[in-house]
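> dropping the sequence and predicted coords here.
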There are 4 protein chains.
Amino acid sequence: MTVAIVGVTGYGGGELARLLARHPGVEVTQVISDSSAGKPLASAFPGLAGTKLGALICEKKGGEITADVVFLAQENGYAMTVAGALLAAGKRVIDLSADFRLTDTAAWEKFYKMPPAAPELLAQAVYGMPELVGKEKIASARLIANPGCYVTASSLALAPLVKHHGLSGIIIDAKSGVSGAGRSKSDTIYRYAEMNETVRPYAVGGGHRHTPEIAQNIGASVLFTPHLVPMTRGILATCYGSTNASAAELTETLKQFYADAPFVVVREPGDWPSTKDVAGSNFCHLAVASTGEQAIVVSVIDNLVKGAAGQAIHNMNIMLGFDETAGLEGGGLWP
Amino acid sequence: MTVAIVGVTGYGGGELARLLARHPGVEVTQVISDSSAGKPLASAFPGLAGTKLGALICEKKGGEITADVVFLAQENGYAMTVAGALLAAGKRVIDLSADFRLTDTAAWEKFYKMPPAAPELLAQAVYGMPELVGKEKIASARLIANPGCYVTASSLALAPLVKHHGLSGIIIDAKSGVSGAGRSKSDTIYRYAEMNETVRPYAVGGGHRHTPEIAQNIGASVLFTPHLVPMTRGILATCYGSTNASAAELTETLKQFYADAPFVVVREPGDWPSTKDVAGSNFCHLAVASTGEQAIVVSVIDNLVKGAAGQAIHNMNIMLGFDETAGLEGGGLWP
Amino acid sequence: MTVAIVGVTGYGGGELARLLARHPGVEVTQVISDSSAGKPLASAFPGLAGTKLGALICEKKGGEITADVVFLAQENGYAMTVAGALLAAGKRVIDLSADFRLTDTAAWEKFYKMPPAAPELLAQAVYGMPELVGKEKIASARLIANPGCYVTASSLALAPLVKHHGLSGIIIDAKSGVSGAGRSKSDTIYRYAEMNETVRPYAVGGGHRHTPEIAQNIGASVLFTPHLVPMTRGILATCYGSTNASAAELTETLKQFYADAPFVVVREPGDWPSTKDVAGSNFCHLAVASTGEQAIVVSVIDNLVKGAAGQAIHNMNIMLGFDETAGLEGGGLWP
Amino acid sequence: MTVAIVGVTGYGGGELARLLARHPGVEVTQVISDSSAGKPLASAFPGLAGTKLGALICEKKGGEITADVVFLAQENGYAMTVAGALLAAGKRVIDLSADFRLTDTAAWEKFYKMPPAAPELLAQAVYGMPELVGKEKIASARLIANPGCYVTASSLALAPLVKHHGLSGIIIDAKSGVSGAGRSKSDTIYRYAEMNETVRPYAVGGGHRHTPEIAQNIGASVLFTPHLVPMTRGILATCYGSTNASAAELTETLKQFYADAPFVVVREPGDWPSTKDVAGSNFCHLAVASTGEQAIVVSVIDNLVKGAAGQAIHNMNIMLGFDETAGLEGGGLWP
């Protein structure tokens, strides 16, 4: 089975390359990037120098895609223009942008300031969060809408507790590494000298684009506040919500909900996860505290793996009938 | 006017030395530290090499204190054993530990696991947060209980809004630099290799010692969750609470409340503060968002300055009749 | 083939676990650590939670070792006390400490301040730097002395140029991440608050223990100055030496020397490597400049992988007849 | 005495503002920046919010300069176009760019790729490194060429040893924080996600522009290799050179040379300086080791203070007859 990565030189594209390079069942045969066209992939990712994949020559966008599976790792608005033709050509498409994530097109237009994808494409897209959507739906999908990073950390923490304990009044306070902003952002605030030694909140008050996607996933509205912290990778979401359930009860609910989820680890109350625990891996760690009135759920992921490339490969594995964890085995890099 | 610093080689003590070195009205004449006794202060703080203060020889604890004003920067439980004698000798005492902060001795015993200070000392102590307590009370104090770092960031954000808008259901999600743990903590988690590239929540569920102190200051109970982030200095508190007031109304309340507070800067909604904005300075920056149901107040301080040494000097200035900002002028270090 | 890791909860031991977990030909069956005895490995490395290896229970040191291959990742002086018995029991032993690295026992006693290993053990030990020692010697070894981290970065840069160009007057200025100090060092300088935002030279003037090991490898004396920089992983060695050869000639020499070395990447002059290029991978990247009188060779490795656990596994692969790159394929984590 | 800062919103300009705000003898009356014209200075430096200087409105370049002293903190090539008119108007000019640093105009054209300043301007310019040039020359200057940051760290370390011990074969291996690149550099490598957790050499082989300036200062040629390390501020230069002198002799030479230099601290061999020791201060710390054949001098400065704004104010103090240390007293920020 062959794979193409469109937008390979961004952070998400690079992670796809790194992880797929050791996947036992697929071969990356096309790496596509306008900025690196004609050059070996290692010119954009020196860490791939000396590897087979690092020697693969990048192609310009717009040429023929011969691979069986296509990962799209481009800015919002691109996938909706090419997915139709790729599907018509019989390919599986996994899109890491937001183009097919929201079923509510009004919310799409409000938060993304652009027209939504065509209805027939939206209708085909399956939202690719295996733990919440179910593996059957993903197995039969041809077009996957791969979830957002903050969304993944938050939804895995909250969805079971909203469903089984009616968690309400939800506040999500999220802390993200700077790679979440992507490789192309050139604003001064992303420079080392200005981002080091600082914590920086943004979109305070609810305006972040991931807000409607979280609400769609968990079936409850949320107040979501993202912050940048001085680290490259990782998201920690501290999620608050009202419930009378005890920490033990909430922990048990999470354990049962994720009993068959190979990438979700539910830890005991008091054993609080840190983002370093999942650096470079596809795991999500969860742990819950309770005051008797409020639950506090802590959730950590690597934003570029479980929050992007790793989850996309997890979806591919299910679509193609591989073992769910193929190419994603093993823990993170520590320290 | 002469000053002694007891516990000068901790992080808080070092900041007292750094800041007092350029104070126009006092002279540091005694620096006290068992671990550096007999050595010049610059041996513990190489950054003071070449300065007058850096050449001052550290004294052992327990000798005579000849200075007029005594800053105590020791572990909890120490100040309560020495403050009585210092006050009896006619000295002003400013304590940076928690010994005299809580008026509720039951809360003290629960959170600090030790007997409280003697009632006659507690009765004399004035809680040293000038913006909330009022300058008159501080001006006439002989013994100051200098507030905690998380407490300062949180209380300045919330007290006016609880008082004027009845803010309720308060959640404080705080992010702190690692210097907040102090210089003597040797746990593995404070090592560079394990603290770098991670966000680490702790005391999740409400057990942190600063919780009752915040509640005492703002007159409302809070759910407080602290996190360590990979930076040396700074605290950012993201504070959530229920109110129908608009961001403009809440901002106006803060502006009026802090009209005479030289170290509190109230910023417009959308102009979110970062901890780097106050690195090395005694300022607290505040800004508010609102959803119409929930207010979100962002507050930043330097934990070692406004959250410790700077606030202590502010208190001293008021006690001794100096200009409030003496020795604390100027902005932070940027970038 | 089964593997035991003694000292599994240190940084080097943890990397062995992480990397061996995805090795196709061996299974880790024993993880040994006094500090974590009786607890699952994931309690020391939360990043392994949810993996098979993470569930393995740590054993106390001193029990029976049943595995075929034993990695010793302990402080200096330990391996020399146990290697004899392990070899006698027919096991392969790969030691990550310094015990068997130096053939000059006088240098050992001077730099390590302890008696050397018994002569019969030293005689059996093969120095495990495959690129310099040759694969044949390693293939037939029963006891491997795995090289030091600074030594690996420096020797790979310099050995070919000393041999083929008579490079002389060598100065090595090395910059290391803080994990190089190991997990057990509790000195204040390794704390986050004091190691962040600083560069810290040490052992200036030639006293570092890796000095004689480098000299032994390259056949020339060196002046070696190490520095700690505020990052967790990585070593960059900037190596200076006198030669008239051009950058092109020196680069060609390196390319030919490492033509069969799967983990050494020789880059063109001007394409300077950074430590991030090899984070998490077993690669060493080299590049050379020349003034016509002086050569400057830049060398980067991940100190915990190529500088410790990865090189140890490379040695194991050669000893056991696996593909050299088994379990070590793929590039680093980027960004 | 009034002061104007042209280019106030760069890193060097911002440091001038921060430091001059507490200078006892001058008042900043004009802050000039095209990018922030019409806005208060605090809009570019939030850390100045709430201070008098933060409220000063930025002016566009090209308007009348009314201040007595003008600091030029602009890109290379600007000062040479305006300095003549400013001098003719009777103002003192302190230029932080490279325009007037090199007396060798051939070297200027080679390294800076632009025509040099007019000869009559170059003839007037005094090179502003007080410790090497002497205070008398600076006191009588009208136009100061303020030195480069790497140059300052290196020249203070080496000049006395070249002069008194004939130090030769000099290699300078320098490590700099990222703020040295300036605020306007938008290259990907300066982004947090790519600069964090890496050491990055550049201009390897001698091509850096500071090379001829160092040679001019110390009277000997050097091989200079700069590296970026993941921190915001600070330069550490490790300087190597041949001499038979002992560490004690070399230390004594430095102590005598800098006996009257209030900002140079010579430390004992073994007491190695780190960049954190001078963060935010105008100090340079030096210490020397020797092998009997090679000296190794370690030098640290804050690149934005002693390496730029602080040294510029030191020059101003001497020109205007203030105490040398006015506005620059006190040590750095620690930790």
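Looks like it came in fine.

> list the contacts for the residue located most distally from the centre of chain A?
When distances are taken from the C-alpha mean of chain A, A:G292 lies farthest, 31.9 Å away, according to CA atoms, centre = their mean. Counting by CB atoms under 8 Å, 6 or more residues apart in numbering or on different chains, A:G292 makes contact with A:244, A:246. In this view, the C-beta of every residue, glycine as well, is placed from N, C-alpha and C.

> check which helix or strand covers it.
Here A:G292, judged by DSSP states H and E, is contained in no helix and no strand.

> and stretch A:278-297, end to end?
17 Å (CA to CA, to the nearest Å).

> what residues of that stretch count as buried?
Within stretch A:278-297, the residues that qualify as buried are A:278-290, A:294-297, counting by 16 or more other CB atoms under 10 Å in any protein chain shown.

> of the residues you listed, which belong to strands?
Assignment to strands by DSSP state E places the following of these there: A:284-290, A:294-297.

> pull the most distant pair out of those residues.
Farthest-apart pair in these is A:C284 and A:Q294; separation 21.7 Å (CB to CB).

> run a quick neighbour tally on the closest residue to A:A37 other than its chain neighbours.
Leaving aside its sequence neighbours, A:A37 sits nearest to A:K60 (CB to CB, 6 or more residues apart in numbering or on different chains; 4.2 Å). Neighbours of A:K60 under the rule other CB atoms under 10 Å in any protein chain shown: 12.

> A:K60 is in contact with A:D34, isn't it?
Yes - using CB atoms under 8 Å, A:K60 is in contact with A:D34, at 5.8 Å.

> residues near A:F322, how many?
The local packing of A:F322 (other CB under 10 Å) involves 18 other residues.

> from the ones in strands among the buried residues of stretch A:278-297, which are also near chain D?
Checked against chain D using CB under 8 Å from any CB of the partner chain, these give no members in range.

> which member of the residues you listed is positioned nearest B:G7?
Distance to B:G7, by CB to CB, is smallest for A:A289 among those, at 33.3 Å.

> show me what the closest one is bridged to.
As for beta bridges, A:A289 partners with A:I296 under DSSP bridges.

> pLDDT score for it?
Looking at A:A289, its pLDDT stands at 98.

> biggest helix in chain A by residues?
Using DSSP state H to define each element, chain A has its longest helix at helix A:149-165.

> run the angle between that helix and strand A:284-290 for me.
50 degrees (axes from the mean of the first three to the mean of the last three CA atoms, to 10 degrees).

> now the following helix or strand past helix A:149-165: average pLDDT?
Going down the chain from helix A:149-165, the next helix or strand is strand A:168-176, by DSSP H and E. Per-region confidence: strand A:168-176 scores 98 on mean pLDDT.

> state the next helix or strand along the chain beyond strand A:168-176.
Criterion used, DSSP H and E; the element after strand A:168-176 is helix A:192-195.

> which elements pack onto that following helix?
Under the contact definition 3 or more CB pairs under 8 Å, 6 or more residues apart in numbering or on different chains; DSSP states H and E, helix A:192-195 sits against helix D:192-195.

> who in the stretch 51-200 of chain A is up against chain D?
Within reach of chain D by CB under 8 Å from any CB, the stretch 51-200 of chain A has these residues: A:177-179, A:181, A:183, A:185-186, A:188, A:190-193, A:195-197.

> now those: which count as buried?
Among these, those scoring as buried are A:177-179, A:181, A:183, A:190-193, A:195-197 (criterion: 16+ other CB under 10 Å).

> quick revisit: could you check how far the residue nearest to A:A37 is from chain C?
Distance, A:K60 to chain C, using CB to the nearest CB, to the nearest Å: 23 Å.

> which ones are touching that residue?
Applying CB under 8 Å, 6+ apart to A:K60 gives the contacts A:32, A:34, A:37-38.

> can you tell me which two in those are farthest apart?
A:I32 and A:G38 (11.8 Å).

> mutual contacts of the two, please.
Joint contacts of A:I32 and A:G38 (CB under 8 Å, 6+ apart) are A:58, A:60.

> those two: who's more crowded?
It is A:I32, of A:I32 and A:G38, that has more neighbours when counted by other CB under 10 Å, with 26 against 9.

> my read: that one touches A:G10, true?
No - the criterion here is CB under 8 Å, and A:I32 misses it with A:G10 at 11.3 Å.

> gap between the two ends of stretch A:125-143?
First-to-last residue span, stretch A:125-143, CA to CA: 5 Å.

> got the contact list for it?
Contacts with stretch A:125-143, where a contact means CB under 8 Å, 6+ apart, come from A:83, A:87, A:92-95, A:100-101, A:117, A:121, A:124, A:144-147, A:152, A:155-156, A:159, A:217, A:257-258, A:261, A:263-264, A:311-312, A:314-315, A:318-319, A:321, A:324.

> mind jotting down where the helices sit in chain A?
So, for chain A - with DSSP H - the helices run A:11-20, A:79-88, A:105-112, A:119-124, A:130-133, A:135-139, A:149-165, A:192-195, A:210-218, A:247-257, A:310-320.

> you'd agree A:T105 is up against A:P116?
Yes - here A:T105 reaches A:P116: they are 4.2 Å apart, a contact under CB under 8 Å.

> need the overlap of contacts for these two.
Joint contacts of A:T105 and A:P116 (CB under 8 Å, 6+ apart) are A:L122.

> between the two, who's got more neighbours?
Ranked by neighbour count (other CB under 10 Å), A:T105 and A:P116 place A:P116 first, with 19 against 13.

> got phi/psi on the more buried one?
Dihedral pair for A:P116: phi -80, psi 170, per degrees, to the nearest 10.

> which residues are in contact with it?
Counting by CB under 8 Å, 6+ apart, A:P116 has contacts A:80, A:102, A:105, A:108-109, A:122.

> buried subset of the residues you listed?
Burial by neighbour count, judged by 16+ other CB under 10 Å, picks out A:80, A:102, A:108, A:122 from the contacts of A:P116.

> show me which pair in these is furthest apart.
Between any two of the buried ones among the contacts of A:P116 (CB to CB), the greatest distance is 12.0 Å, for A:M80 and A:L102.

> just the C-alphas of stretch A:232-249, formatted as PDB.
Only the C-alpha atoms of stretch A:232-249 are listed here, as PDB (Å, rounded to 0.1, in the frame of the first residue of the first chain):
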ATOM      1  CA  THR A 232       7.900  23.000  21.500                       C
ATOM      2  CA  ARG A 233       5.400  20.100  21.900                       C
ATOM      3  CA  GLY A 234       2.500  19.100  24.000                       C
ATOM      4  CA  ILE A 235      -0.900  20.100  25.200                       C
ATOM      5  CA  LEU A 236      -2.300  19.900  28.700                       C
ATOM      6  CA  ALA A 237      -6.000  20.600  29.100                       C
ATOM      7  CA  THR A 238      -7.300  21.300  32.600                       C
ATOM      8  CA  CYS A 239     -11.000  20.700  32.300                       C
ATOM      9  CA  TYR A 240     -13.500  21.800  34.900                       C
ATOM     10  CA  GLY A 241     -17.200  20.800  35.100                       C
ATOM     11  CA  SER A 242     -20.000  20.500  37.700                       C
ATOM     12  CA  THR A 243     -20.900  17.000  39.000                       C
ATOM     13  CA  ASN A 244     -21.500  15.300  42.300                       C
ATOM     14  CA  ALA A 245     -19.600  12.200  41.300                       C
ATOM     15  CA  SER A 246     -16.500  11.300  43.200                       C
ATOM     16  CA  ALA A 247     -13.000  11.100  41.700                       C
ATOM     17  CA  ALA A 248     -13.200   7.300  42.000                       C
ATOM     18  CA  GLU A 249     -16.500   7.200  40.100                       C
END
